[in-house]
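Asks: have a look at this prediction, sequence included:
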There are 2 protein chains.
Amino acid sequence: MPDLRPVLYVTGMMIAALGVIMFIPMFVDLAYRDVSWQAFGVAGFVTTLFGGVMTLTNYAPNARFRARGAFLLTTVSWVGMSIFAAFPLLLSSIGLGITDSLFEAVSGITTTGSTVMTGLDDAPKGVLLWRSILQWIGGVGIIVTAMAILPMLNVGGMQLFRLESSDMGDKILPNAAELAKAIGLIYLGLTVLCAICYMAVGMNGFDAIAHAMTTIATGGYSTSDASLGGFMDDGADLVGIAFMLAGALPFGIYLLAVRGNIRPALFDPQMRAFLLVIVLFITVMTCYLWINSIHTGSNAVRLTAFNVISIVTGTGYATTDYNAWGPFAVAAFFAFMFVGGCAGSTACSIKIFRYQVAFEALRAYLFKMPRQHAVAPMRYGGKPLPEAVVFSVMGFFFLFMTCFAVSAILLSLIGLDSITAWSGAASSIANVGPGLGNIIGPTGNYQSLPDSAKWVLMMGMLIGRLEIVTALVLLTPSFWRA
Amino acid sequence: MPDLRPVLYVTGMMIAALGVIMFIPMFVDLAYRDVSWQAFGVAGFVTTLFGGVMTLTNYAPNARFRARGAFLLTTVSWVGMSIFAAFPLLLSSIGLGITDSLFEAVSGITTTGSTVMTGLDDAPKGVLLWRSILQWIGGVGIIVTAMAILPMLNVGGMQLFRLESSDMGDKILPNAAELAKAIGLIYLGLTVLCAICYMAVGMNGFDAIAHAMTTIATGGYSTSDASLGGFMDDGADLVGIAFMLAGALPFGIYLLAVRGNIRPALFDPQMRAFLLVIVLFITVMTCYLWINSIHTGSNAVRLTAFNVISIVTGTGYATTDYNAWGPFAVAAFFAFMFVGGCAGSTACSIKIFRYQVAFEALRAYLFKMPRQHAVAPMRYGGKPLPEAVVFSVMGFFFLFMTCFAVSAILLSLIGLDSITAWSGAASSIANVGPGLGNIIGPTGNYQSLPDSAKWVLMMGMLIGRLEIVTALVLLTPSFWRA
């Protein structure tokens, strides 16, 4: 049994911080004279108190995290944050039940962006801001987790991204805190820049800030039922394209670039592969639209660029209903969900580097097969690729697909039609947001699904956001043995 | 560039043998006074002649196959056989074009069982017998390939099944010929037994033989548009259940059992896992039918047993339209396609042992993660599981899923709806036969698909039957380098 005290200590601090943050939407609702300010006030007070008590009763400021503690902390903190994040939504005037509030919070914190809310355009500003804040916190949370914690835990090949300056074997947190500061500043800077750009194309201040937070987090919550499509006339989609991409690039690169170290940033293998894949997908889809006269001219480029980037990065904004683009588009957007952005970014899903590792391994495998005594060294980014990384990546693929299939079958058992079940499962585990089809597609909404389906989807979002392995390892009996 | 002569020599012999076999349906058509006898006569003559010339001009009886030659032989012989197998279908009176004839032949030789023919009940007996013969040959062909060749080539973890008595590193074929004889006898014996059982439940001699051939081959071609469902009243489905299972068990076990070595046969890990999975699937699906009152009593057990076994083993007979059983059944049957039977049987798809290997690897991975210096030895069937096997199995999974996704996207690009495209892709690569939905589902047919879709499906069937890797290795440039 790992020591729970430090886990609860840190989680308590995070929950207390979340509680304090709830006063921001409270003041916004007060400013807009919306009655929901009370919900945020009560929830903020209770959450801060709970988090504070949790911190004090488990006071352990000098505890070090070993591997098991770090696994526990990661999962417990994300689940704990989700539960308290749902609290103001439950209390507010928008009328969400327990399942719906929790769904909205989990979808926010995991930067998924699936929503059960309609009438966003008239919803209380505080609630809208809260949804954006959740994604924004989730986004920076996952960057820090992915850079500081997961590489040390050998999660799904993330050991490739161990920071070379670090020797954190036993003491994950102190370094994580330092890193969080630096990353947080860059993240904040990009968000401010994004908000300014949104304002420059005509959004009002509130919408600009709310969207900037969910763009850079590749989250996808909007302040309008029409998603970012509602702001497209003014060119908001172009700003979205730029900053969704920015959110999906590895933040380690920004860190290097800020320190003046531009060269390695430009030659980062996963960034180059990611941009190449994006360009390829956009080209193919644009040609498809042109050839079939579904959209023409530069409009086709703009629509595909936005929607491809939105789905590949796992953001999930929509500007148009690509379900209407025919079966190829449906199949392609389904496949896009399994791609993902770069490791160490806010993007989700399988992620580009795992494909790079898998294809490199396959190249070596196919090379060796006809000549069984040949040596086929594997490389990634010019460096030798350890077999342990390949093993770990392949295991990740297998687990990802297994979780996806199990979710889809469960959703089918609940009674969802095939398109909704399979695309919903993919969208939740890949933290994308919208699925396919009429119910949960880009013009749809998760509201009408049965509660049991929402619980399956929430599990999927959390497992997906925690890179599958991090969450599943807690389910093995051996984890809990001394 | 590997030496082509021995490859062409052996392929020539196989084609010549195929040509000789064509005279069997010729005599059957003559006996039934059907004009199609001419098609088989002409095709048989030409095929035998071509195969004979190919053998003689590449005369190389003592050549040994090294790895590259064995890869080439496997793919070239299956493709060559498919092409000539299509010839009598093209010439016959049933009116299939080139694409359709080839589709039917590939689907036969690969034991897939997807058909473009309707009006089977009134089709010439010679044609029906030919389709059965193709599956029967394909079935025994894949057993011998899987037992004698693939394990030497390290294809997708098949090295687990190297026969312990063998040291075939350099000389694959002689041993393969010996093995083929022993396996052939067992295969023939099971087929005869199956035919007798079908006759015992009231099938006429012709239908019994035709179905016995496609049952034991887990192929799924029938002599009736209603598939085996047309014979269900008399209990033919129960015979089918027994012999589809027999076809999906590892033939190495029969070999051991025949030699009086029963114990290892009973404790074969993949056989036990396979039977367990089958029982589990049947139980779950039966409960689902009962709970939802879709079918009741023992009828539900009988229908699920038959259809689950038919899909899991990749046979593809149908007795009922499980599309009508609701979304859970559709999702489950879709997932069943990815299971498959035992290695060294006629069954297709990913196969049970690969799941066993993958789960064992994941167990070790999840065990090691929280305690990074721990040792977690992997085992399969009580023996140590080499990392190379795990690697090879994981690569297989990745390639299988990639080929599946690429096929599905291509089929969507051609314009098939989502259900047809994704289930058709799965069904072809897993060599199952029917897909899902109204077009290619258990009550449907591949006839109406565009030719381009049929070509994609044919590629899928061949790649799937050759365990993916065997075919894809030929596409790597390094294969062809000296």
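Replies: Good, I have the coordinates.
Asks: quick check: the most far-flung residue of chain A relative to its centre vs chain B, distance?
Replies: When distances are taken from the C-alpha mean of chain A, residue A:373 lies farthest, 43.1 Å away, according to CA atoms, centre = their mean. Plainly put, residue A:373 is 10 Å away from chain B if you go by CB to the nearest CB, to the nearest Å. C-beta here means a position set from N, CA and C on the backbone, and glycine is covered the same way.
Asks: repeat for residue A:287
Replies: Distance, residue A:287 to chain B, by CB to the nearest CB: 11 Å.
Asks: could you do residue A:23 as well?
Replies: 38 Å.
Asks: what's the pLDDT at the nearest residue to that residue once chain neighbours are set aside?
Replies: What sits nearest to residue A:23 in space, not counting adjacent residues and going by CB to CB, 6 or more residues apart in numbering or on different chains, is residue A:44, at 4.9 Å. Looking at residue A:44, its pLDDT is 97.
Asks: wait, doesn't residue A:44 sit right on residue A:88?
Replies: Yes. Here residue A:44 reaches residue A:88: they are 7.3 Å apart, a contact under CB atoms under 8 Å.
Asks: which neighbours do those two have in common?
Replies: Jointly contacting residue A:44 and residue A:88 under the rule CB atoms under 8 Å, 6 or more residues apart in numbering or on different chains are residue A:22.
Asks: these two: which is more packed in?
Replies: Set side by side, residue A:44 and residue A:88 show more neighbours around residue A:88, with 29 against 22, by other CB atoms under 10 Å in any protein chain shown.
Asks: next up, the contacts around residue A:72.
Replies: By CB under 8 Å, 6+ apart, the contact set of residue A:72 is A:2, A:4, A:7, A:474.
Asks: element containing it?
Replies: Assessed by DSSP states H and E, residue A:72 sits inside helix A:67-91.
Asks: buried set for the helix or strand of chain A with the lowest mean pLDDT?
Replies: Within chain A, no helix or strand scores below helix A:262-266, which has a mean of 79 by mean pLDDT, DSSP states H and E. Neighbour counts using 16 or more other CB atoms under 10 Å in any protein chain shown place residue A:265 of helix A:262-266 among the buried residues.
Asks: residue A:297 and chain B, how far apart?
Replies: Taking CB to the nearest CB as the measure, residue A:297 falls 22 Å from chain B.
Asks: may I have the phi/psi pair for that residue?
Replies: Dihedral angles of residue A:297 (phi, psi; degrees, to the nearest 10) stand at phi 60, psi -150.
Asks: got the phi and psi for residue A:221?
Replies: For residue A:221, the backbone dihedrals (degrees, to the nearest 10) come out as phi -70, psi 140.
Asks: hang on, the earlier thing: how near is the residue nearest to residue A:23 to residue A:37?
Replies: Distance from residue A:44 to residue A:37, counting by CB to CB, to the nearest Å: 10 Å.
Asks: which neighbours do those two share?
Replies: Jointly contacting residue A:44 and residue A:37 under the rule CB under 8 Å, 6+ apart are residue A:26.
Asks: residue of the stretch 201-350 of chain A nearest chain B, please.
Replies: Here the residue of the stretch 201-350 of chain A nearest chain B is residue A:331; by CB to the nearest CB that distance is 3.5 Å.
Asks: show me what the helix or strand that residue falls within is packed against.
Replies: Using DSSP H and E, the element containing residue A:331 is helix A:327-336. When contacts are defined as 3 or more CB pairs under 8 Å, 6 or more residues apart in numbering or on different chains; DSSP states H and E, helix A:327-336 packs onto helix A:269-291, helix A:297-312, helix A:418-429, helix B:387-414, helix B:418-429.
Asks: ok, now which ones touch residue A:57?
Replies: By CB under 8 Å, 6+ apart, the contact set of residue A:57 is A:8, A:12.
Asks: distance of it relative to chain B?
Replies: Remark: distance between residue A:57 and chain B (CB to the nearest CB) = 25 Å.
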